[in-house]
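Colleague: Below are the sequence and a predicted model for it; my questions follow.
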Amino acid sequence: MPLHGKVLICTGSTGIAAAAARLAASDGARLLLAASDEESVAGLAAEIAAECWIGDLARPASADSILSLCLAKFGRVDALFQAAGLSGRRFGDGPVHECTDEGWEVTLNANLCTVFQMSRAVIGRMLQQAPDANGERGSIVNLGSVLELRPEPRHFAHHAYAAAKGGVVALSRSMAAYYAPHGIRVNVVAPGVVRTPAGERSVQAPEILELLRRKQPLTDGMVEALDVAKVALGLLGDESRAITGQVIAVDGGWSVVEG
């Protein structure tokens, strides 16, 4: 049980985040969930006996507030899984010539700025912690996207979202290189189109469903949230102590299958 007894902060409370939180709790992790949707995060926290923080993750002060609550409850932080984010389509994300200022700003704030802010707060604390038996001070997994790796222009031309996830990858690799000598690992999990409430809303058209069957043949369509969660938690745990700076695609084949 690679996360047994470890303190994990997980951002988000639905979809992949919820699957990861349930799996981590069953593994014996001590959890703090941080999300903006009060109903989902409070319900999930009660279900798995986790602590929860409720608020706008994109506010600059939120990361320090989340860390302070974690330290007050557990005294340390061993792992961070950053699964929170959003699609900016309803705010105006799209092809760059159509993307609105609001679509760009909201999408980057929710998907990239929050990763920077949480990483800054949590890594600052991890640097103060003594290394464990494996020489580690902590581990971070950030959520990327297959769209950063392999764009699909016909149905998923969300350029602000792709830019944000590309930023997550670049930031994660840079952090991995810098903090490896300090015993802190940083990796990225890049999902395909995942069976979450938001994912299912985006793929209702028959032609998109057929595209997913072709592009994600290993899952015959949408990837399950639990498949992504298992990989993320595996990267956070001791069994992956030699892995950092990697982008792991959990995409049912999207990144290697021609569409």
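Modeller: Nice, thanks for sending it over.
Colleague: mind showing which ranges of the stretch 51-200 of the chain have poor pLDDT?
Modeller: In the predicted model, the stretch 51-200 of the chain carries pLDDT under 70 at residues 199-200.
Colleague: What segments of it are strands?
Modeller: Secondary structure of the stretch 51-200 of the chain by DSSP state E, counting those that start in this stretch: the strands cover 51-54, 79-82, 138-143, 184-191, 194-195.
Colleague: Not counting the shortest one itself, show me its contacts.
Modeller: Okay, so that is strand 194-195. Residues outside strand 194-195 that contact it (Cβ atoms under 8 Å, 6 or more residues apart in numbering): 15-16, 222-225, 228. In short, each C-beta sits where N, CA and C put it, glycine included.
Colleague: Would you write a PyMOL line that selects the buried entries of the residues you listed?
Modeller: To isolate the buried ones among the contacts of strand 194-195 in PyMOL, judged by 16 or more other Cβ atoms under 10 Å, type:
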select buried, resi 15+16+222+223+224+225+228
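Colleague: picking up where we left off before, to E152, which of the strands of the stretch 51-200 of the chain lies closest?
Modeller: In terms of Cβ to Cβ, the element of the strands of the stretch 51-200 of the chain nearest to E152 is strand 184-191, at 13.6 Å.
Colleague: partner strands of the closest one, parallel or antiparallel?
Modeller: strand 138-143 (parallel), strand 247-250 (parallel) (DSSP bridges).
Colleague: Report the backbone C-alpha coordinates of that strand in CSV.
Modeller: Once non-C-alpha atoms are left out, strand 184-191 reads as follows in CSV (Å, rounded to 0.1, in the frame of the first residue of the first chain):
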residue,chain,number,x,y,z
ILE,A,184,10.9,16.0,-4.4
ARG,A,185,9.4,14.3,-7.5
VAL,A,186,7.0,15.9,-10.0
ASN,A,187,5.2,14.0,-12.8
VAL,A,188,2.2,14.5,-15.1
VAL,A,189,-0.6,12.2,-16.0
ALA,A,190,-2.1,13.1,-19.4
PRO,A,191,-5.6,11.5,-19.8
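Colleague: quick one: buried residues of that strand?
Modeller: 184-191.
Colleague: Between all of the residues you listed, which two are separated the most?
Modeller: Counting by Cβ to Cβ, the most remote pair of those is I184 and P191, 23.4 Å apart.
Colleague: then stretch 213-226 to PDB, C-alphas only?
Modeller: What follows is stretch 213-226, C-alpha atoms only, in PDB (Å, rounded to 0.1, in the frame of the first residue of the first chain):
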ATOM      1  CA  ARG A 213     -14.000   4.500 -30.400                       C
ATOM      2  CA  ARG A 214     -11.300   4.800 -33.100                       C
ATOM      3  CA  LYS A 215      -8.900   7.000 -31.100                       C
ATOM      4  CA  GLN A 216      -9.200   5.200 -27.700                       C
ATOM      5  CA  PRO A 217      -9.700   1.600 -28.800                       C
ATOM      6  CA  LEU A 218      -8.200   0.100 -25.600                       C
ATOM      7  CA  THR A 219     -11.300   1.400 -23.700                       C
ATOM      8  CA  ASP A 220     -13.700   1.200 -26.600                       C
ATOM      9  CA  GLY A 221     -14.400   4.900 -26.200                       C
ATOM     10  CA  MET A 222     -14.100   7.000 -23.000                       C
ATOM     11  CA  VAL A 223     -11.300   6.200 -20.500                       C
ATOM     12  CA  GLU A 224     -12.600   5.400 -17.000                       C
ATOM     13  CA  ALA A 225     -11.700   7.900 -14.200                       C
ATOM     14  CA  LEU A 226     -10.400   5.100 -12.100                       C
END
